[in-house]
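Novice: build me a model from this:
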Amino acid sequence: MNEVPGNNYEFTQPIEMRFNELIAGVRADVALRIYGDDLAILKQFGEKATSLMRNITGATDVRLEQMEGLPTLSVTPMRDHMALLGLTVNDIQQTLAAAVGGVQTGLIYEGD
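Specialist: Residues are numbered from 1 along each chain as shown. Below you'll find the model as predicted:
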């Protein structure tokens with residue numbers, strides 16, 4: 001499989017993955033959660049725990065959840081330009097939501 005930037009792949013049984021996610025909030029069979037307020041310290045402890053867990057016999061596919069560098073889209077509306085075009089902030093928000101997440105435009109029934 002080709003890697004798509006920003007995607008993390010896990011291979012497991014679909015029903016098992018769903019139950020793991022519902023029970024613990026993670027898709028993995030075993031997870032370690034470290035709580036705190038400072039993301040830099042959390043990342044440091046997470047990397048240390050990851051390196052320790054990689055040394056456990058039988059541990060495969062050990063990884064740390066991405067905590068920083070996640071892709072974000074920040075838009076600052078230029079209200080004077082928007083006014084010239086007759087646009088509102090709501091118009092911009094709806095357009096961005098459609099561009100990033102898509103919108104449902106219809107429904108197709110197949111079969112019965």
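
Novice: by mean pLDDT, flag the weakest helix or strand of the chain.
Specialist: Every helix and strand in the chain was compared by mean pLDDT, DSSP states H and E; the lowest is helix 14-24, with a mean of 71.

Novice: and that helix, what does it pack onto?
Specialist: Contact partners of helix 14-24 among helices and strands, from 3 or more C-beta pairs under 8 Å, 6 or more residues apart in numbering; DSSP states H and E: none. (Glycine included, C-beta is placed from N, CA and C.)

Novice: from the chain's centre, how far out does that helix sit?
Specialist: Put simply, helix 14-24 sits 17 Å off its chain's centre (C-alpha atoms, centre = their mean, to the nearest Å).

Novice: also stretch 88-99?
Specialist: In terms of C-alpha atoms, centre = their mean, the centre of stretch 88-99 is found 22 Å from the chain centre.

Novice: pLDDT value on residue 8, please?
Specialist: pLDDT for residue 8: 65.

Novice: same deal with residue 66?
Specialist: What the model reports for residue 66 is a pLDDT of 72.

Novice: helix, strand, or coil at it?
Specialist: Under DSSP: H, G, I helix; E, B strand; the rest coil, residue 66 falls in the coil class.

Novice: and the residue nearest to residue 59 when sequence neighbours are not counted, what element?
Specialist: The shortest distance from residue 59 to any non-neighbouring residue, by C-beta to C-beta, 6 or more residues apart in numbering, is to residue 53 (5.6 Å). Using DSSP states H and E, residue 53 maps to helix 39-54.
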